[in-house]
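S.K.: Test case, fold it:
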Amino acid sequence: MRILFLTHAFNSLTQRLYTELTAAGHAVSVEFDINDSVTREAVALWQPELIVAPFLKRKIPDAVWRHHRCIVLHPGIEGDRGPSALDWAIVRGETAWGVTALEANGEMDAGDIWASVDFPMRDATKSSLYRNEVTESAVTALNLALERLARGEKPRPLDMENPMVRGRLRPAMRQADRAIAWHADDTATVLRKIRASDGTPGVEDAILGVRFCLYDAHQEGLLGAQFPEAEPGTVIAQRDGAILRATTDGAVWITHLKRVDADTPQWKLPAAMLLGARLASVPEVPLPPEVAVDHPTWRPIRYEEAGAVGYLHFPFYNGAMGTAQCEALCAAYRAARSRPTRVIVLLGGPDFWSNGIHLNLIEASEHAAEESWRNINAMDDLVREIIVTDRQLTIAAMQGNAGAGGVFLALAADRVFARSGVILNPHYKSMGNLYGSEYWTYLLPRRVTPEQARTVMQFRLPVGAQRAAAMGLIDDHFGATPAAFRTEVDARARALATAPGFDRMLAQKRARRHADEASRPLAAYRADELERMKLNFFGFDSSYHVARYHFVGKVARSRTPLWLARHRDTRSRRDAAGSVAAAAD
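M.R.: Residues are numbered from 1 along each chain as shown. Okay, the predicted model is just below:
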C-alpha cells in the first residue's frame, strides 16, 4: 500500500511506525505539516492509498481528508479530545489510558473510530509514556486499522452516550493548570505536575528569585527528613547537577531547568549549571554509583552486582552525554572492570540507551567548537575502555532508543541486545554532515558488510531492532516491554557468566583484539576520525554548528528532507509504484 505520513516532525512514534510499515512491505513517504498548500502538493505527488497522521498539531486540510482516507493516531482513550491528552491523564491520576485511531474529519480528534487500544498507566513522565506505552499501542491500533481496511470494514461512529466511553473534550493545559502550590501540594502531586509537562512545555516556577521551567523530577525518600524546618519549595541540597527541593511531605530532585524570562534563546540544561553561584550555600550530597540504597532517590549512574554479573545503569536525561558525564561513566566503568565479575551489562536508561554527545551543553558553552572537541574525546575514551576490556565479557542492553555515537557506544560491547521496539539512528549526517567518531570506522565493519555500512551511514533513516538484528548490527532483539527485556537480559547474562565455555570465549576475545590491534591500532582509527571531526568543529563549513543550533532550539523545518519525502524524488515515486504493483500481484 502507498502510504503518506503527515506529521509535525519525524519524532520517535513516527519513526517506529515508519520502520514497522516499511518492514511490512508498504511504500511510505513522509511530509511535514508545514502549511495546507504543501500538504496538498505532497498528496498530489504521492497519490497515497492512505494518509496516516501520527503526530499533528492542527487539523488536516478539508481538501485532503474529504478526498482521501486519513487516519489520525490520538494519544487518548475513546472519546478523549484535545491537544493535552496525556498531560491531563497524568495530572488527574488516571490508572488506564489509551491510543485511538480515528478517521479524520473537520473536527480535531472527533472522527469515526478504526481502533482503540488501552494500556495501564505508570508513574512516569509524559515523554516516557509516549515512547513506550503510547508507541506500542499506536503500532497495535494502526495495524488493527489496516487489517480492517483490508477486509473492507468501515470505522464505527463515536458514541458519547455510551457509558463505557470515558473520554471527554479537554482544553489545552495552561501553565495555571500545571503550577505547583508548594505549601499545599504533596510530593505525589508535585511529581505528577512536572511529569505531565516533561519534554514540553515544562512547569514554570521561581527558584531563588529566577523564573524557570522545571523538568525531570524524581522522588527523594530520605533526605527530606533531614531538613524538617525547610519551607516547601526551598532548595535544600544538590547532586551531580540536580537540585533537591523540599515538599510538604518530603522532597523531589529536579535535574533540568530552562530560563523563561531571558531576552536571548534559552536551552534546557542541568539545574545547578543554570543556578550557578545562587547555590553557593546549598550542600552537596554525593551518592557514588556503587552505594546501595533502599529508598527512592536520583543519581545519574548506578552500579550493582548479582553473582558474577555487574550491571551499570546510566539513565542520562534524553540520552545526552556531556564531557563530565562521559568522564564519570568512564570512571564507573573502570571500577566495574576491577570487580571480580565475569560479565558486565551496560544498561543505559529505561527510555534511552544513549544519544551521544550533549548538544545542549555544547550550544550553551562559551566556545562551542572547543566543547564539542572535549565531548567527543571523552566519548572516545569511554568507548575505548569498553573495547579493551579483557577480564570480562560485556553486554550492551538497549532498553531504549539510541542515536549517533550512542549506537557505536553499544557496538563496543561483545554482545548487543535491544528491546524489540527500540529504534536506532546509527548515523551522524543529519547533524550538519558530522563525520562521527566513537571508533565507528572500527566497530561497524566488524558487524556488517561494506554495502550495509554505507547504507547505514549515508541514508539517515531509522533502523528498527528487527532489521538491525537481521543485518548483524546487533546480536538479538526481544522483550515486548522494558520489564520483559530486562528479565531476559538478566537470564542471558547469568547464563553467559556460568557457561562451561566462558574461559574459551574470553580467550577468543583477547586473541581477536590482539589480532585487530596488530592489523591496525585503535589509535589510528581514532586519529583518522578526529581529523575529520576537527574540520566539522573548527573548519570553514559551519553546517554542524547551524544544525546543532536548529536542533537544540527546536527550530521548525521549512521543508521535509528529501530522504523522507520520497514523493519529491521521481525515482522513488517510480520505485514505490513498482513495489506496490508487485505486492498486489
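S.K.: Residue 169 versus residue 126, what's the distance?
M.R.: Separation of residue 126 from residue 169 (C-beta to C-beta, to the nearest Å): 19 Å. In short, each C-beta sits where N, CA and C put it, glycine included.
S.K.: brain fart, residue 5
M.R.: 26 Å.
S.K.: Show me which of those two is the more surrounded one.
M.R.: residue 5 (26 against 13; other C-beta atoms under 10 Å).
S.K.: Unless I misread the structure, the more buried one falls within a helix.
M.R.: No: the assignment for residue 5, made by DSSP: H, G, I helix; E, B strand; the rest coil, is strand rather than a helix.
S.K.: Now name the helix or strand holding the residue nearest to it when sequence neighbours are not counted.
M.R.: Of all residues not flanking residue 5 in the chain, residue 30 sits nearest, at 4.5 Å (C-beta to C-beta, 6 or more residues apart in numbering). If you go by DSSP states H and E, residue 30 is part of strand 27-32.
S.K.: Please enumerate residues in contact with that strand?
M.R.: 1-10, 14, 18, 21-22, 38-39, 42, 46, 48, 557, 559-560, 564-567, 572, 576-577, 579-580 (C-beta atoms under 8 Å, 6 or more residues apart in numbering).
S.K.: Can I get the buried part of those as one ChimeraX selection?
M.R.: Only the buried members of those enter the following ChimeraX selection, criterion being 16 or more other C-beta atoms under 10 Å:
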select :1,2,3,4,5,6,7,8,9,10,14,18,21,22,39,42,46,48,560,564,565,566,567,572,576,580
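S.K.: Show me the contacts of strand 27-32 that map onto strands.
M.R.: Among these, DSSP state E puts 2-7 in strands.
S.K.: thinking again about what came up before, list the strands paired with the strand holding residue 30, with their directions.
M.R.: Strand 27-32 has its sheet partners listed here by DSSP bridges as strand 2-7 (parallel).
S.K.: what does the partner strand contact?
M.R.: 14, 17-18, 21, 26-33, 39, 42-43, 46-56, 60, 64, 70, 567, 576-577, 580.
S.K.: Return the per-residue confidence for residue 107.
M.R.: pLDDT, residue 107: 85.
S.K.: Equivalent analysis for residue 558, please.
M.R.: 85.
S.K.: nearest spatial neighbour of it, skipping sequence neighbours?
M.R.: residue 34 (7.0 Å).
S.K.: what's the burial count for that neighbour?
M.R.: Neighbour count of residue 34, defined by other C-beta under 10 Å: 15.
S.K.: ok, now how distant is it from residue 553?
M.R.: From residue 34 to residue 553 the distance is 18 Å (C-beta to C-beta).
S.K.: can you check residue 230 too?
M.R.: From residue 230 to residue 553 the distance is 36 Å (C-beta to C-beta).
S.K.: For the two, work out which one has more neighbours and name it.
M.R.: residue 230 (17 against 13).
S.K.: follow-up on the earlier one: may I see the ones in strands among the contacts of strand 27-32 arranged in TSV, with distance to residue 252 and pLDDT as well?
M.R.: Formatted as TSV, those follow (distance: C-beta to C-beta, whole Å; pLDDT from 0 to 100):
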residue	distance to residue 252	pLDDT
2	49	96
3	43	97
4	43	98
5	38	98
6	39	97
7	34	96
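S.K.: Let me know the closest of those residues to residue 464.
M.R.: Nearest to residue 464 out of these is residue 5 (C-beta to C-beta; 15.4 Å).
S.K.: Can you tell me how far that closest one is from residue 33?
M.R.: With C-beta to C-beta as the criterion, residue 5 and residue 33 are 10 Å apart.
S.K.: do the same with residue 475
M.R.: 38 Å.
S.K.: Over to residue 406?
M.R.: The value you get for residue 406 to residue 33, if C-beta to C-beta is used, is 28 Å.
S.K.: next one: residue 339
M.R.: Remark: distance between residue 339 and residue 33 (C-beta to C-beta) = 51 Å.
S.K.: Spell out, range by range, the helices that occur in the stretch 51-200 of the chain.
M.R.: Counting by DSSP state H, counting those that start in this stretch, the segments of the stretch 51-200 of the chain that form helices are 62-65, 85-91, 126-129, 135-150, 175-178, 187-196.
S.K.: Can you get me a residue count around residue 507?
M.R.: Using other C-beta under 10 Å as the criterion, residue 507 is surrounded by 12 other residues.
S.K.: wait, is it part of a helix?
M.R.: Yes: Residue 507 forms part of a helix when assessed by three-state DSSP.
S.K.: Output the helices of the stretch 51-200 of the chain in TSV, with distance to residue 546 appended to each entry.
M.R.: Rendered in TSV, the data for the helices of the stretch 51-200 of the chain read as follows (distance: least, C-beta to C-beta, whole Å):
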stretch	distance to residue 546
helix 62-65	32
helix 85-91	32
helix 126-129	26
helix 135-150	30
helix 175-178	31
helix 187-196	32
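S.K.: can those helices go into a markdown table with extra columns for distance to residue 491 and mean pLDDT?
M.R.: Formatted as a markdown table, those follow (distance: least, C-beta to C-beta, whole Å; pLDDT from 0 to 100):
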| stretch | distance to residue 491 | mean pLDDT |
| --- | --- | --- |
| helix 62-65 | 48 | 94 |
| helix 85-91 | 33 | 97 |
| helix 126-129 | 25 | 96 |
| helix 135-150 | 22 | 97 |
| helix 175-178 | 42 | 97 |
| helix 187-196 | 31 | 98 |
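S.K.: could you dump the ones you listed to a markdown table with distance to residue 211 and mean neighbour count?
M.R.: Shown next, in a markdown table, are the helices of the stretch 51-200 of the chain (distance: least, C-beta to C-beta, whole Å; neighbours: other C-beta atoms under 10 Å):
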| stretch | distance to residue 211 | mean neighbour count |
| --- | --- | --- |
| helix 62-65 | 41 | 16 |
| helix 85-91 | 21 | 23 |
| helix 126-129 | 22 | 22 |
| helix 135-150 | 33 | 19 |
| helix 175-178 | 11 | 15 |
| helix 187-196 | 15 | 22 |
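S.K.: Show residues contacting stretch 286-305.
M.R.: 218-223, 239-242, 253, 255, 310-316, 325, 328-329, 332, 335-336, 339, 341.
S.K.: Out of those residues, which sit inside strands?
M.R.: 218-220, 239, 242, 253, 255, 310-313.
S.K.: So which of those residues is the closest to residue 500?
M.R.: Among those, and counting by C-beta to C-beta, the member closest to residue 500 is residue 310, at 21.0 Å.
S.K.: Near residue 151, how many other residues are there?
M.R.: Quick note: residue 151 (other C-beta under 10 Å) scores 7 neighbours.
S.K.: How far off centre is stretch 490-506?
M.R.: Centroid displacement of stretch 490-506 relative to its chain, using C-alpha atoms, centre = their mean, to the nearest Å, is 31 Å.
S.K.: gap between the two ends of it?
M.R.: 19 Å (C-alpha to C-alpha, to the nearest Å).
S.K.: Quick one: mean pLDDT for that stretch?
M.R.: Mean per-residue pLDDT for stretch 490-506: 97.
S.K.: For that stretch, give me every contacting residue.
M.R.: Stretch 490-506 has contacts (C-beta under 8 Å, 6+ apart) with 306-309, 341-343, 345, 390-393, 395, 415, 417.
S.K.: Please pick the buried ones from these.
M.R.: Looks like the contacts of stretch 490-506 have 308-309, 341-343, 345, 392-393, 395, 415, 417 buried, using 16+ other C-beta under 10 Å.
S.K.: Break this protein down into its domains, please.
M.R.: With domains defined by automatic domain parsing, the chain comprises 175-279, 302-538.
S.K.: Show the subsequent helix or strand relative to the helix or strand that contains residue 379.
M.R.: Per DSSP H and E: residue 379 is located in helix 368-387. Per DSSP H and E, the first helix or strand lying C-terminal to helix 368-387 is strand 393-398.
S.K.: Can you spell out which helices and strands pack onto the next helix or strand after that next one?
M.R.: Counting by DSSP H and E, the element after strand 393-398 in chain order, helix or strand, is strand 401-403. If contacts are counted by 3 or more C-beta pairs under 8 Å, 6 or more residues apart in numbering; DSSP states H and E, strand 401-403 sits against strand 352-354, strand 423-425.
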